[in-house]
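Q: predicted coordinates and the sequence they were generated for:
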Amino acid sequence: MRFRWIALASLVALTACGSTAERRNFSVYFQPYSAELDQQALESAVNAAQYAQAHASLPVLVAGYSAPADPGRDVDGLSDQRADAIKRVLTDDGVSANRITIDANGATDPLSMPQVAVRRVDITVGR
């Protein structure tokens, strides 16, 4: 009887580990005041798409960020444009658009985080 409980507890632990291991985060970095994907950004987005394809039952969250307005620079909608650029890569690589949720965070205070952090899109595959 004791062996059955140990086996059952082990099975439950393995199941729990498997479900959390499926969640994965990717970050894609952009040049300042740009929503264009350079080669490194494209490779990161493609890696996320491949992972999402391999885990087709998991949702995908795409969260875009941008820096606050700078005189002479237009950042209105930049976080949304960045997130949309990533969504296009994901869908072009076969990820179903209905799995993808966009979260455009708008201008983010760079004083609370490194400057590069406000030039990114985070992709989360899983819950």
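A: In hand now; what should we look at? Residues are numbered from 1 along each chain as shown.
Q: now the helices for the protein?
A: 2-21, 39-54, 78-92 (DSSP state H).
Q: which strands and helices sit next to the shortest one?
A: If I follow you right, that is helix 78-92. helix 39-54, strand 60-66, strand 100-107, strand 120-125 (3 or more C-beta pairs under 8 Å, 6 or more residues apart in numbering; DSSP states H and E). For glycine as for every other residue, the C-beta is placed from the backbone atoms N, C-alpha and C.
Q: any idea of the angle it forms with strand 60-66?
A: Counting by axes from the mean of the first three to the mean of the last three C-alpha atoms, to 10 degrees, helix 78-92 lies at 150 degrees to strand 60-66.
Q: how about the second one?
A: Between the axes of helix 39-54 and strand 60-66, defined by the same axes, to 10 degrees, the angle is 160 degrees.
Q: in helix 39-54, which residues are buried?
A: 41, 44-46, 48-49, 51-52 (16 or more other C-beta atoms under 10 Å).
Q: now do that helix: distance to the chain's middle.
A: Offset of helix 39-54 from its chain centre (C-alpha atoms, centre = their mean, to the nearest Å): 10 Å.
Q: pLDDT on it, on average?
A: What helix 39-54 shows for mean pLDDT is 97.
Q: which other residues reach that helix?
A: Applying C-beta atoms under 8 Å, 6 or more residues apart in numbering, the contact partners of helix 39-54 are 24, 26-30, 37, 58, 60, 86, 89-90, 93-95, 99, 123, 125.
Q: if you set the cut-off to 10 Å instead, what comes out?
A: 22, 24-31, 34, 36-37, 58-60, 62, 82, 85-96, 99-100, 119-126 (C-beta atoms under 10 Å, 6 or more residues apart in numbering).
Q: for PyMOL, write a command that selects the buried ones of the residues you listed.
A: Command for PyMOL, covering only those of these found buried under the criterion 16+ other C-beta under 10 Å:
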select buried, resi 26+28+30+37+58+60+62+82+85+86+87+89+90+95+99+100+119+120+121+122+123+124+125+126
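Q: just checking, Gln115 touches Tyr65?
A: No - with contact defined as C-beta atoms under 10 Å, Gln115 does not reach Tyr65; the gap is 11.3 Å.
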